[in-house]
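Asker: Fold the stuff below for me.
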Amino acid sequence: QVQLEESGGGLVQAGGSLRLSCIASGLPFSSYHMGWFRQAPGKERELVAAISWSGGVELFADSAKGRFTISRDNVNNMAFLRMNSLKPDDTAVYYCAARRGIGVPLSLDVVNYDYWGQGTQVTVSS
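Answerer: Next up, the predicted model:
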């Protein structure tokens, strides 16, 4: 059974930082692309950042460029999202997701991801 579990969310003031973690089990992690998505109330789920199975390719939403970094640890089956200079608009539930990776491109699209975590709440106060 595949499981993805996020942690690291919380309440932070604008300008602050958080580091989200995602630990995966039940899948060959090192052959999966990993993505971080978010969903704010009343809005569609959107990509924040994604990283290829090897870690060699990264994609970022425009809103995340220059503020967020994504990384992964294929030994410990973990993915990370470091968020700096947080803004109230970053408030959302953040999800990690996995997409079978080798031989397929890194994707920005929600529908292309095979497995999802339950999400972790990030709240940025002004």
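Asker: drop to CA atoms for contacts and neighbour counts, all remaining ones
Answerer: OK.
Asker: For stretch 62-78, which outside residues touch it?
Answerer: 21-25, 29-30, 48-51, 55, 58, 79-86 (Cα atoms under 8 Å, 6 or more residues apart in numbering).
Asker: one more time with 6 Å, if that's ok
Answerer: 22-24, 29-30, 79-84 (Cα atoms under 6 Å, 6 or more residues apart in numbering).
Asker: Quick check: end-to-end length of it?
Answerer: In stretch 62-78, first residue to last residue: 24 Å (Cα to Cα, to the nearest Å).
Asker: How far off centre is it?
Answerer: 7 Å (Cα atoms, centre = their mean, to the nearest Å).
Asker: one step back: just the buried ones among the contacts of stretch 62-78, please.
Answerer: Taking 16 or more other Cα atoms under 10 Å as the criterion, what is buried in these is 22-24, 29-30, 79-81, 83-84.
Asker: Return the list of helices and strands in contact with the helix or strand containing residue 36.
Answerer: Residue 36 is located in strand 32-39, with elements delineated by DSSP states H and E. Counting contacts by 3 or more Cα pairs under 6 Å, 6 or more residues apart in numbering; DSSP states H and E, strand 32-39 is packed against strand 46-51, strand 92-100.
Asker: by how many degrees do the first one and strand 32-39 diverge?
Answerer: Relative orientation of strand 46-51 and strand 32-39, computed by axes from the mean of the first three to the mean of the last three Cα atoms, to 10 degrees: 160 degrees.
Asker: Can you tell me the SS state at the closest residue to residue 54 other than its chain neighbours?
Answerer: Excluding its sequence neighbours, the residue lying closest to residue 54 (Cα to Cα, 6 or more residues apart in numbering) is residue 30, at 6.9 Å. Secondary structure, DSSP: H, G, I helix; E, B strand; the rest coil: residue 30 is helix.
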